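# this is a predicted model, with the sequence first.
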Amino acid sequence: MLKTVALNEHVLCDLESVRDDLKLQDITYDDILRDLINVASGEIENFCDRKLLSRDGTQWLDGSSSATIALQQWPATALTQARYRSFGSDQYVELDITGWSATGGLLMLQRDFFPRGWQNVELTGTFGYKAATHDADLAVLAKACKRQVMVRFQDHLNQTGRVESFGAGGQTVKLKEIEGLSAEVKAMVDPYVKRN
């Protein structure tokens, strides 16, 4: 019995828009497309080295003795708790998050600072691009995801790989497995790559 492929929770594009872009009138390829959407979304997040869509979570970060800290996942849309622990201690001390702000991958406190340490700061909140707040960013990410799916889908239909080497005079053509993002998609998502 065939099993239907489900979309993961945090995919960057939806099945209907991919089907529309490919001008597919029926659901014949839906399982393949869902699988390709899941893979493309994961490849883009791996390339960017972070989760991109909004989700609740906790980050453990290195304190720097300043009021600013570099986030692993961003943008921060909600901060519910910030605390730190001293070296060798299991006890956490709450930080004052009143008036916090975030710009890009940096979070700033107005009334407190992040004590220096390794993985000593714990932030709990909502991180990632959120609908109605980051629509322009989400549109770029969806376009990149759809483009990657389209490239892979065409390869699937044509049953082709990418040429790694080619011999002259009817010699063997060696195809390699298609891995990673296309150059076009890499350029599209480059502004979202974690750089710190």
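Here it is on my side, so go on.
# what helix or strand is Gln148 on?
helix 135-158 (DSSP states H and E).
# helices or strands next to that helix in the packing?
Here helix 135-158 touches helix 15-21, helix 30-48, helix 183-189, going by 3 or more C-beta pairs under 8 Å, 6 or more residues apart in numbering; DSSP states H and E. Heads up, the C-betas are built off the backbone N, CA and C, glycines and all.
# give me the domain ranges for the protein.
Under the assignment automatic domain parsing, the domains of the chain span 15-51+134-192, 55-127.
# out of those domains, which gets the lowest mean score?
Within the domains of the chain, confidence is poorest for domain 15-51+134-192, with a mean of 85 (mean pLDDT).
# now the terminal residues of it, how far apart.
Using C-alpha to C-alpha, to the nearest Å, the end-to-end distance of domain 15-51+134-192 comes to 23 Å.
# quick one: distance of that domain to the chain centre.
Chain-centre distance of domain 15-51+134-192: 15 Å, with C-alpha atoms, centre = their mean, to the nearest Å.
# just to revisit the earlier point, looking at the domains of the chain, which is nearest to Ala6?
Between Ala6 and the domains of the chain, the tightest spacing by C-beta to C-beta is seen for domain 15-51+134-192, at 6.8 Å.
# would you agree Tyr129 is in contact with Ser54?
Yes. Assessed by C-beta atoms under 8 Å, Tyr129 is found in contact with Ser54 at 6.1 Å.
# returning to what we had before: can you put the helices and strands packed on helix 135-158 in CSV and add distance to Ala78 and mean neighbour count?
Shown next, in CSV, are the helices and strands packed on helix 135-158 (distance: least, C-beta to C-beta, whole Å; neighbours: other C-beta atoms under 10 Å):
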stretch, distance to Ala78, mean neighbour count
helix 15-21, 28, 15
helix 30-48, 20, 19
helix 183-189, 24, 16
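# closest one to Arg152 among the ones you listed?
Among the helices and strands packed on helix 135-158, helix 30-48 sits nearest to Arg152 (C-beta to C-beta), with 5.0 Å.
# give me the helices and strands touching the next helix or strand after the closest one, please.
Following helix 30-48 in sequence order, the next helix or strand is strand 55-63 (DSSP H and E). In terms of contacts (3+ C-beta pairs under 8 Å, 6+ apart), strand 55-63 is packed against strand 68-70, strand 117-127.
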